[in-house]
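Colleague: just need the structure, nothing else, for what follows:
(3 chains)
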Amino acid sequence: MRVLRLKKKKEISGVLKTGRRAHAESVTIVYFPAKETRAAVCVGKKFGKSVRRNRIKRLLREAFRTNAHGMKPCAILLIPKVAEEYSYARFERDLRKLFKREKLFES
RNA sequence: CGAGCGGGCUACGCGGUCGCGGCGUACCUCUGAGUACGAUGAGGAAAGUCCGGGCAUCGCAGGGCAGGACGCCUGAUAACGUCAGGUGAAGGCGACUUUAAGGACAGUGCAACAGAAAUAAACCGCCGCGCUUUUGCGCGGUAAGGAUGGAAAGGCGAGGUAAGAGCUCACCGACGGGACGGUAACGCCCCGUGCCAUGUAAACCCCGUCCGAUGCAAGUUUGGGCUUCGUUCACAUAGGGCUGCCCGUCCGAACGGAGCCGUGAAUAACGCUUGAGCUUAUCGGUGACGGUAAGCCUAGAUAAAUGACCGCGCUCGACAGAACCCGGCUUACAGGCUUGUCUCGGAUC
RNA sequence: CGAGGCGUAGCGCAGUUUGGUAGCGCGCUUGGUUCGGGACCAAGAGGUCGUGGGUUCAAAUCCCGUCGCCUCGA
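Modeller: Modelled structure (predicted):
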């Protein structure tokens, strides 16, 4: 399935204001119920140079994409935490944990 | 064999599954977009933004001052602060490397401390004369020696002298003139001048050359109509425009606020990738580079696309991600491959 | 994309224009004063001048490169 992206600044700041937060070891999510599932990844300058930032975005995006099946539709922000090392396995594990805890799966 | 020097190339590869950007074709359609297939999709530095240009706009912008950049010569180039070939200088046994390398009789400034003296001369010395004659004092000559300093009046040897001194001579250096070679920087040879005068222009400056400003968030198109108010100006003055200023020149209109309806508004499209383009061959040139022919089309996103997992191989993979586009410079970088009538040392024939 | 500024002792700043000695305040150490502490007085320590080159006899200062931080404009 295709994951829609969350683009507009208004929408993002809206989610940040009114959304619900949940934290894990490697990532924080902020979400708000919506008509369709739309996601955005936030990686600022503090994470390093562009190659490093791109790497984080790709890992996180991929982890979200492969685990977003059967989710309740919502607008969601994915915010990684600053760390020495980033791996796909850790992002995937933490995202699954968060989705379960917040009961975002429909079934 | 060892140690070097110079140049060039490359930047993990292959296969499978899932996924992303734009493109083409086909299909469906609720006109929002979607589905399938196909080919395609980051770099040598994409980086830093240090230079140069294209392109765009500012009413095509002429002159002067100010300001900035550059600075051996010749060439290459669209242009350059870049590159190539040379000259001089410095370093290295050498291959070779480095070089902001115009001007200090146009002027101004600075040279701390030390030292007698820093652009001007005599502290200790040395020598002569006079006095005294144990020491020494005075006058004069001198710049060889000592001491200070980054720098002390060309260097070194010989002659010469009371002691000395380019005072004289040879060699080297400097300056001036001439011949020859070279497009030139300059080289080399000959002759002359005993050489009245330091360093610093990455101090101000002088000379020569060049520079209009702003930058793709440039800019173009679409999206709007009505009412009302205000400011400046149309003889001159004044006002306005692309830079700090002045002169010249151009303009007849330009700008701003409020309300109503309408409204996607850091929005959509264009700019946006065919270009001083790339590859191969060949010709000219020492070379940078240029000419000709054939072939090729090779990212174009806009919160921003290259990833994840599995398998195999090896040397176990560095620095690092296009954002208008080119030419350079600078900086970062695991390694691997390759090359030379190249250099030095050792051994052997 | 473009423009500008800063980096000096543990902290906050002078010194850079015009090159020769790095200084001020707070803090620190030692001594004095006090019954003791504070305040005060006296003495002292402490700086690769962000970093790598260059110019110069000599560089915190002049020039070039580079690193980090901050601010501003579109």
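Colleague: ok, the closest residue to residue A:105 other than its chain neighbours - how many residues close by?
Modeller: Spatially, and ignoring its direct neighbours in sequence, residue A:105 is nearest to residue A:70 (5.4 Å; Cβ to Cβ, 6 or more residues apart in numbering). C-betas here are computed from N, CA, C, even on glycine. A count of neighbours around residue A:70, defined by other Cβ atoms under 10 Å, yields 11.
Colleague: please apply the same query to residue A:37.
Modeller: Counted with other Cβ under 10 Å, the neighbours of residue A:37 add up to 20.
Colleague: how much space separates it from residue A:31?
Modeller: 10 Å (Cβ to Cβ, to the nearest Å).
Colleague: so which strand or helix has the spatially most central residue of chain A?
Modeller: Nearest to the geometric centre of chain A sits residue A:78, at 2.4 Å (Cα atoms, centre = their mean). In this assignment (DSSP states H and E), residue A:78 forms part of strand A:74-80.
Colleague: cool, and residue A:98?
Modeller: Going by DSSP H and E, residue A:98 is in helix A:88-101.
Colleague: what does that helix contact?
Modeller: A:22, A:24-27, A:29, A:59-60, A:62-64, A:66-67, A:71, A:78, A:80, A:105 (Cβ atoms under 8 Å, 6 or more residues apart in numbering).
Colleague: in stretch A:16-33, what's buried?
Modeller: A:19, A:22, A:24, A:26-32 (16 or more other Cβ atoms under 10 Å).
Colleague: thank you kindly, that will do.
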